[in-house]
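> here is a sequence together with a model predicted from it:
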Amino acid sequence: MNKRKFLKNTLIATTGMTVTPTILLSSCKNEPKKEENMEATPASAATTFTLPEIPYGYTAFPDTIDAMTMEIHHSKHHQGYTNKLNAALEAANISGKTIEEILMMDDLPTAIRNNGGGFYNHSLYWDILTPGGAMSDTFKAKITEDFGSEEAFKQQLADAGSKRFGSGWAWVCQDADKKLHICSTPNQDNPLMKVSERMGTPILGIDVWEHAYYLKYQNKRGEYLQNIINIINWEKVEARMS
Ligand code: MN3
């Protein structure tokens with residue numbers, strides 16, 4: 001999976017001393033900061049994930065997702081999942097793993113399942129939106145091969161979101177055999193988790209929690225889904241394929 005440009009991880013020592021943040025654009029891995037003087041890094045130093053920035057800002061999609069929804073969703077909901085994930089990792093004494101490695105663990109503790117899922121899912125969601133995106137001919141050929149047509153692919157994706165009872169996510173994933181499929185998970189679960197009905201590598205995720213659309217769409221989740229498909233960054237989705 002292409003993890004580049006996905007997450008920025010800031011590393012903070014937990015001794016009460018905040019070290020200079022290190023931005024790791026090339027990796028999701030929350031390794032301890034490597035100091036020139038290794039003695040400066042306590043052996044017990046835990047690491048934390050940080051909220052990724054939204055490069056296009058909160059006002060990028062006035063016709064699709066209103067600015068207030070964007071701001072609350074990112075600065076409150078996503079920040080909340082991030083904070084609670086960090087607290088849960090510290091409590092469980094888990095460090096030195098990528099978020100993907102964490103989510104693929106056996107017997108995921110509930111707090112890490114919910115908040116780690118929330119951190120990962122929203123990071124993906126922001127990353128694969130854009131004010132203007134188009135599918136490459138290569139990607140169109142791929143979805144035509146795997147779903148029959150571009151229209152069938154988009155309809156299946158919208159159906160996965162609209163048929164999800166309660167809160168959850170709609171996904172496009174890649175199987176080990178490279179084939180794409182669409183699925184849905186409840187709550188903040190995702191297809192990396194061993195509890196999911198169908199595992200796979202997510203390349204696109206759409207949030208269908210009411211907090212993602214309710215201010216603009218109220219109960220019309222289907223309308224939100226039809227519209228959000230028009231602001232997908234297909235180049236980034238394609239780049240996530242292996
Ligand atoms: Mn959400």
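Thanks, I have the structure now. Numbering: from 1, shown residues only.
> state the distance from M104 to the ion.
Shown here: M104 relative to the ion, a distance of 21 Å by Cβ to the ion, to the nearest Å. Any C-beta I mention is one placed from the backbone N, CA and C, and that applies to glycine too.
> once you drop chain neighbours, what's closest to that residue?
L192 (5.4 Å; Cβ to Cβ, 6 or more residues apart in numbering).
> which parts of this structure sit against the ion?
By Cβ under 5 Å from the ion, the residues of the chain that approach the ion are 207, 209.
> for the ion, what is the nearest residue in the chain?
D207 (4.2 Å; Cβ to the ion).
> pLDDT wise, what is that residue at?
On the pLDDT scale, D207 is placed at 98.
> how about the one 10 residues further on?
At Y217 the predicted local distance difference test score is 98.
> same check on the one 4 residues further on?
According to the per-residue confidence, R221 scores 98 in pLDDT.
> just checking, the residue nearest to M104 touches I102?
No. Look at L192 against I102 with Cβ atoms under 8 Å: they stay out of range, at 9.2 Å.
> can you give me the strands in this protein?
Applying DSSP state E to the chain gives strands spanning 168-174, 180-186, 201-207.
> who does the second one pair up with?
Under the criterion DSSP bridges, strand 180-186 sits next to strand 168-174 (antiparallel) in its sheet.
> what does the strand it pairs with contact?
If you take Cβ atoms under 8 Å, 6 or more residues apart in numbering as the criterion, strand 168-174 is touched by 121, 157-158, 160-161, 164, 180-191, 198-209, 225, 237, 240-242.
> filter these down to the buried ones.
With burial judged by 16 or more other Cβ atoms under 10 Å, the buried subset of these is 121, 157-158, 160-161, 164, 180, 182-185, 188-191, 199-209, 225, 237, 240-241.
> could you identify the longest helix within the protein?
helix 110-127 (DSSP state H).
> doesn't R113 make contact with D189?
Yes. D189 lies in contact with R113 (Cβ under 8 Å); the separation is 7.1 Å.
> which residues sit in contact with the spatially closest residue to the residue of the chain closest to the ion that is not a sequence neighbour?
Nearest residue to D207 in three dimensions, chain neighbours excluded: Y125, at 5.4 Å (Cβ to Cβ, 6+ apart). Applying Cβ under 8 Å, 6+ apart to Y125 gives the contacts 205-207.
> likewise G200?
Contacts of G200 (Cβ under 8 Å, 6+ apart): 171, 173-175, 181, 183, 191.
> ok, 10 Å please
Going by Cβ atoms under 10 Å, 6 or more residues apart in numbering, G200 touches 171-176, 179-183, 190-192.
> among those residues, which one lies nearest to N233?
Distances from N233 to the contacts of G200, taken as Cβ to Cβ, are shortest for V172 (12.7 Å).
> shared neighbours, D189 and R113?
Residues touching both D189 and R113 (Cβ under 10 Å, 6+ apart) are 103, 195.
> could you list the low-pLDDT ranges of this structure?
1-47 (pLDDT under 70).
> do that again at 90, thanks
1-48, 132-133 (pLDDT under 90).
> how about the strands of the chain in JSON lines, adding distance to T64?
Shown next, in JSON lines, are those (distance: least, Cβ to Cβ, whole Å):
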{"stretch": "strand 168-174", "distance to T64": "16"}
{"stretch": "strand 180-186", "distance to T64": "20"}
{"stretch": "strand 201-207", "distance to T64": "12"}
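> and of those, who's closest to D63?
strand 201-207 (16.9 Å).
> return the list of helices and strands in contact with that closest one.
helix 110-127, helix 150-162, strand 168-174, strand 180-186, helix 221-228, helix 234-239 (3 or more Cβ pairs under 10 Å, 6 or more residues apart in numbering; DSSP states H and E).
> no further questions, thank you.
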